[in-house]
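Chemist: below is the sequence, then the predicted model.
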Amino acid sequence: MTSFDTLEDFLANDAFREWVTGRRPQDYTHWQEWLRQHPHKRDLYEQAAALCLVLHSKAQPEAQYTGEIEQIKQAIREASERHVPAPRIRMLRPGFQWLAGLAALVILGFFLKDFIWNSTMGSGTPPVEEKIIATKNSWKKVMNTTQSAQLISLADGSSVLLSPAGQLWYNMQADQREIYLIGEGFFEVVKDKNRPFWVYTPFLTTRVVGTSFQVQASQDQKIAFVKVKTGKVTVNSMKDPDHYLVLEKNEQVKLDIVTNQLTKQTLAPALHKPNLTSVLSDNQNFEFTPVTEVLSRLQHTYHIKIEFNPHTLQGCTFTGDLNGVPFAEKMRLICSAVEASYETQGDTIYVTGHSCTP
């Protein structure tokens, strides 16, 4: 394991370079925990981050560095006049000297200040999640302040059933679909092999292509879970991103947050939390089931209002396996089967159709 005693240790580490240049949310907690455990290395960490950013930028001929170094010297002099401590660049081989100058300029700039987010765990500053989202304009936030689970439909057609007090940030604009979750949520994901679906939490990262699963990761708990209803997912802890487990249907992984121990188990209904038990254990494989019954089941399971006239849907039945299918697609399949239609107005879905009785 790398000890990170020198700048070269940081720059030679793949995980560190990926964190600095990619700024992925799933890496943030890992490095904040590292800083918490090694506060005496924060200066070295910040210098390494600056150097890494410089290395990652577009290379220039060495002859062009002279003017930039003069600008750096001027910036350091101005910082001294304002009584701002100049960055200390140390433990560099001679070949890295020009990088030290460029790094000083970067450290003096606002970008690095924003990058590091200037926070420590439990400092009373805004939550870690707010800092992550604040760096990405394309992220949107949802908080469930109600007493029941809240259904959230995403732009790609996937759906999330967010538990009470849960918080969710999502970014569906990038090549990778990304979710950041605090609390508990049940996910039904549209398959897209070209755009993996990531769920980040303070403790766990889950990667899927298309499946249904539940994630439980509350900051005030000592145990976190991922439970798979259909499909397959990979799970790793934030503290050990290189070690992951593959989960399939009816399997779960338990993370002991204190020991960072991942344990794979067969899914046990008794472990489910009451508010999401129905959606995780509910078998939605229907065979000649009255459509009115199917809609009533969905209304109860997803805690959403579905208005329909039982008389206009009299005699209509539905056959199909809806397990793992995102909610919007469930509604489309049901209505298509009986030549009905639906529309959403506010928090209510209105279904209109005609009798299937001859």
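Modeler: Ah, there it is. Residues are numbered from 1 along each chain as shown.
Chemist: near Glu343, how many other residues are there?
Modeler: Neighbours of Glu343 under the rule other CB atoms under 10 Å: 9. For glycine as for every other residue, the C-beta is placed from the backbone atoms N, C-alpha and C.
Chemist: so where is the chain shaky, pLDDT-wise?
Modeler: Scanning the chain for pLDDT under 70 picks out the ranges 1, 23-26, 29, 50-51, 53-138, 174, 219, 268-277.
Chemist: now the helices for it?
Modeler: Using DSSP state H, the helices of the chain run over residues 7-11, 14-22, 25-37, 42-56, 65-81, 97-108, 110-116, 128-134, 277-281, 291-302, 327-337.
Chemist: so what does the last one touch, helix or strand wise?
Modeler: When you say that, I think you mean helix 327-337. Packed against helix 327-337, as judged by 3 or more CB pairs under 8 Å, 6 or more residues apart in numbering; DSSP states H and E, are the following elements: strand 150-153, helix 291-302, strand 317-321, strand 341-345, strand 348-352.
Chemist: closest to Ser237 out of these?
Modeler: Among the helices and strands packed on helix 327-337, strand 150-153 comes nearest to Ser237, with 25.4 Å by CB to CB.
Chemist: helices or strands up against the closest one?
Modeler: Strand 150-153 is packed against strand 159-162, helix 327-337, with contacts defined by 3+ CB pairs under 8 Å, 6+ apart.
Chemist: pick the most deeply packed of these.
Modeler: strand 159-162 (a mean of 24; mean count of other CB atoms under 10 Å).
Chemist: mind listing what's buried along stretch 40-50?
Modeler: 41, 44-50 (16 or more other CB atoms under 10 Å).
Chemist: with stretch 313-323 instead?
Modeler: Neighbour-count burial for stretch 313-323, with 16+ other CB under 10 Å as criterion, is recorded at 313, 316-318, 320, 322-323.
Chemist: Phe197: which of those is nearest?
Modeler: The nearest member of these to Phe197, counting by CB to CB, is Asn323 at 17.3 Å.
Chemist: separation between that closest one and Phe286?
Modeler: Between Asn323 and Phe286 the distance is 10 Å, computed by CB to CB, to the nearest Å.
Chemist: could you do Val199 as well?
Modeler: 28 Å.
Chemist: want to throw the helices and strands packed on strand 150-153 into TSV with distance to Ala15?
Modeler: Formatted as TSV, the helices and strands packed on strand 150-153 follow (distance: least, CB to CB, whole Å):
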stretch	distance to Ala15
strand 159-162	29
helix 327-337	37
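Chemist: quick one: which of those is nearest Ser212?
Modeler: Counting by CB to CB, Ser212 lies closest to strand 159-162 out of the helices and strands packed on strand 150-153; the figure is 9.4 Å.
Chemist: so what touches that closest one?
Modeler: With CB atoms under 8 Å, 6 or more residues apart in numbering as the contact definition, strand 159-162 has outside contacts at 142, 144, 149-154, 168, 179, 183-188, 276, 279, 302-303, 326-328.
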